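> Pasting a predicted model and its sequence here:
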Amino acid sequence: MTDIQKTQMVEQFPAADLNGLREEIRKSSVDGWQSAALISSFLSGRGYGVSTDAARIAASRIESVGCSLESMQEELEKLALVM
């Protein structure tokens with residue numbers, strides 16, 4: 001499988017959705033478990049499953065100050081399990 005084929009298979013989440021998720025995680029006073037639940041909800045609403053442990057790790061990365069939308073996209077790609 002070529003890199004182009006792999007890229008075409010990866011869902012690109014809309015930037016507005018990613019930004020909304022990032023802001024919800026950053027600005028709400030939630031802990032790592034709740035942030036992981038937000039990420040899980042985001043992905044399950046789009047037809048994906050997610051590992052709880054992996055979601056907590058991603059949440060801590062997303063909560064970091066310099067998390068770009070591109071970084072979030074990459075984190076969510078790693079997490080999303082096709083159902």
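That came through fine.
> Can you list the low-confidence ranges for the chain?
Applying pLDDT under 70 to the chain picks out residues 1-11, 64-66, 82-83.
> mind listing the helices for this structure?
Remark: helices assigned in the chain by DSSP state H are 3-9, 15-27, 32-44, 52-63, 69-79.
> Tell me which other helices or strands the second one touches.
If I follow you right, that is helix 15-27. With contacts taken as 3 or more C-beta pairs under 8 Å, 6 or more residues apart in numbering; DSSP states H and E, helix 15-27 sits against helix 32-44, helix 52-63, helix 69-79. All C-beta atoms are positioned from the backbone trio N, CA, C, and that covers glycine.
> Buried ones in the last one, by neighbour count?
By that I understand helix 69-79. In terms of neighbour count (16 or more other C-beta atoms under 10 Å), helix 69-79 has its buried residues at 69, 71, 72, 73, 75, 76, 79.
> could I get those residues as TSV with distance to residue 48?
Formatted as TSV, those follow (distance: C-beta to C-beta, whole Å):
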residue	distance to residue 48
69	18
71	18
72	14
73	13
75	13
76	8
79	8
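> of the residues you listed, closest to residue 26?
residue 72 (11.1 Å; C-beta to C-beta).
> from the middle of its chain, how far away would stretch 42-59 be?
7 Å (C-alpha atoms, centre = their mean, to the nearest Å).
> Likewise for stretch 30-45?
9 Å.
> Would you mind listing the outside residues contacting that stretch?
17, 21, 24-25, 28, 49-50, 52, 55-56, 58-60, 62-63, 76, 79-80 (C-beta atoms under 8 Å, 6 or more residues apart in numbering).
> Give the buried subset of those as a PyMOL selection command.
One line in PyMOL is enough to select the buried members of the contacts of stretch 30-45, burial here meaning 16+ other C-beta under 10 Å:
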select buried, resi 21+25+50+55+56+58+59+62+76+79+80
